[in-house]
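Trainee: have a look at this prediction, sequence included:
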Amino acid sequence: MFDSIRKWLSKGKDPTQPRSEPQPQREPEPEPEGDELAIPAHPEVGHIYAFRTRPFCTFSPQETGRYAAIKVLGVSDLLVVVAILDGIWQSRPSLAQAERAGLLTEHRFAHTGRLAVFGAYRKTWDIAEAFTEPRFLGHGRLTGEERARAASILRGDLGTSTAWLTFANHAPEGEWRWTHDREALLEEVTLRDAKSAREQAEKEARYNERLKGLTLETLLGETPFARWSPSPPFPPEDFTKDARAAIHAACRDIQALGDKPRKADVRKVLKRTMEWFNAADEAAGNVIETEEREDIMAVLEEIAHAAKHKALVPEIDDWRDW
């Protein structure tokens, strides 16, 4: 990866001088080129898409008036490597305009110039859902550096990242605002974070209240993992069905231990249940991701509370493989 100094040197710039941020490009709309290209059903290396950027957060102005673009650098069964281009346009760019753009580097907040390139989960690839006014521009050329970056992400090298495709909305709009409208952006982020903190505190209060009266009978009357639908993006229906059965089996096994089960016996049931999830996840092709992990951990912790052995909660995380 070219670091910032090599980039400056290659342009004959002094790396000690302040970085000059690009202004929105006011290029005219290209002449019509026939019918608009249909969005491909499957991503391919070199595909370039343009879209209208979405607001940075809920407190931001809802109409940005800006357009950005992404390029596909690599594709595997698991991931699509996406690069966000560094152009910000005031109208939808053409393929030629997008090809002249480099890769976006992120500088907002704590970022220090990292390239905005990431692996998006292929099973959730949906251009029409992820973007506002998306348009397929065509096939672009890849540089050797872009191919190397894609290979690194597809291998899962240390330091590479994965994210939902919608992240590609966040970075270009955020970088433009950070450069040209930073004070207002910081105010919006402060409001967002304050709202998030209030909501989290309210959620924790509701959860603590739930734990006070939680019983194994209550858990048996509920449907675990109710939000695991549809599939994709959530695991296959058979996996979800078996996961729910595993949770209910754990509740019944602990009930069978009596009104005051021993801590060691409850630990055995919980650990056995976690081992089931480890094996089932591997057999299903590693379908447990962030949301699934949070839900599984939460319900196992609730079982520990309902069994009157909340001291087991810190141990649960040590038993998982995902």
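Mentor: Received the coordinates, thanks. The model shown is predicted, which means the values in this text are computed figures rather than measured ones. Numbers count the residues shown, from 1 in each chain.

Trainee: can you give me the helices in the stretch 101-250 of the chain?
Mentor: Per DSSP state H, counting those that start in this stretch, the stretch 101-250 of the chain carries helices over the ranges 127-130, 144-155, 167-180, 182-212, 216-220, 237-255.

Trainee: nearest to Ala68, of these?
Mentor: Ala68 lies closest to helix 167-180 among the helices of the stretch 101-250 of the chain, at 3.7 Å (Cβ to Cβ). C-betas here are computed from N, CA, C, even on glycine.

Trainee: just to revisit the earlier point, in JSON lines, list the helices of the stretch 101-250 of the chain along with distance to Ala311, mean pLDDT and mean neighbour count.
Mentor: Output for the helices of the stretch 101-250 of the chain, formatted as JSON lines (distance: least, Cβ to Cβ, whole Å; pLDDT from 0 to 100; neighbours: other Cβ atoms under 10 Å):
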{"stretch": "helix 127-130", "distance to Ala311": "43", "mean pLDDT": "94", "mean neighbour count": "14"}
{"stretch": "helix 144-155", "distance to Ala311": "41", "mean pLDDT": "96", "mean neighbour count": "16"}
{"stretch": "helix 167-180", "distance to Ala311": "38", "mean pLDDT": "94", "mean neighbour count": "21"}
{"stretch": "helix 182-212", "distance to Ala311": "14", "mean pLDDT": "96", "mean neighbour count": "12"}
{"stretch": "helix 216-220", "distance to Ala311": "17", "mean pLDDT": "97", "mean neighbour count": "15"}
{"stretch": "helix 237-255", "distance to Ala311": "15", "mean pLDDT": "97", "mean neighbour count": "18"}
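
Trainee: format the ones you listed as TSV; extra columns: distance to Gly102.
Mentor: Formatted as TSV, those follow (distance: least, Cβ to Cβ, whole Å):
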stretch	distance to Gly102
helix 127-130	22
helix 144-155	10
helix 167-180	13
helix 182-212	22
helix 216-220	53
helix 237-255	42
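
Trainee: tell me which of those lies nearest to Pro314.
Mentor: Of all these, it is helix 182-212 that lies closest to Pro314, at 15.3 Å by Cβ to Cβ.

Trainee: so where's this protein shaky on pLDDT?
Mentor: Across the chain, the ranges flagged by pLDDT under 70 are 1-35.

Trainee: shouldn't Phe131 be in contact with Tyr49?
Mentor: Yes - under the criterion of Cβ atoms under 8 Å, Phe131 makes contact with Tyr49 at 7.2 Å.

Trainee: that older thread, looking at the helices of the stretch 101-250 of the chain, which is closest to Asp321?
Mentor: Asp321 sits nearest to helix 237-255 of all these, at 15.1 Å, using Cβ to Cβ.

Trainee: buried stuff in the helix or strand following the closest one?
Mentor: Going down the chain from helix 237-255, the next helix or strand is helix 263-283, by DSSP states H and E. Buried residues in helix 263-283, counted by 16 or more other Cβ atoms under 10 Å: 265-267, 269-271, 273-274, 276-277, 280-281.

Trainee: Leu85 is in contact with Val72, correct?
Mentor: No - if you go by Cβ under 8 Å, Val72 and Leu85 don't touch, sitting 11.5 Å apart.

Trainee: hey, what's in contact with both of those two?
Mentor: Taking Cβ atoms under 8 Å, 6 or more residues apart in numbering as the criterion, Val72 and Leu85 both touch Ile48.

Trainee: these two - which one has more neighbours?
Mentor: Ranked by neighbour count (other Cβ atoms under 10 Å), Val72 and Leu85 place Leu85 first, with 26 against 23.

Trainee: out of the buried residues of helix 263-283, which is nearest to Thr64?
Mentor: Proximity of the buried residues of helix 263-283 to Thr64 (Cβ to Cβ) peaks at Asp281, which lies at 39.3 Å.

Trainee: separation between the residue nearest to Thr64 when sequence neighbours are not counted and Val80?
Mentor: Once flanking residues are discounted, Thr64 sits nearest to Thr53: 4.7 Å by Cβ to Cβ, 6 or more residues apart in numbering. For Thr53, the distance to Val80 equals 20 Å [Cβ to Cβ, to the nearest Å].

Trainee: Val80: which element?
Mentor: Judged by DSSP H and E, Val80 forms part of strand 79-84.
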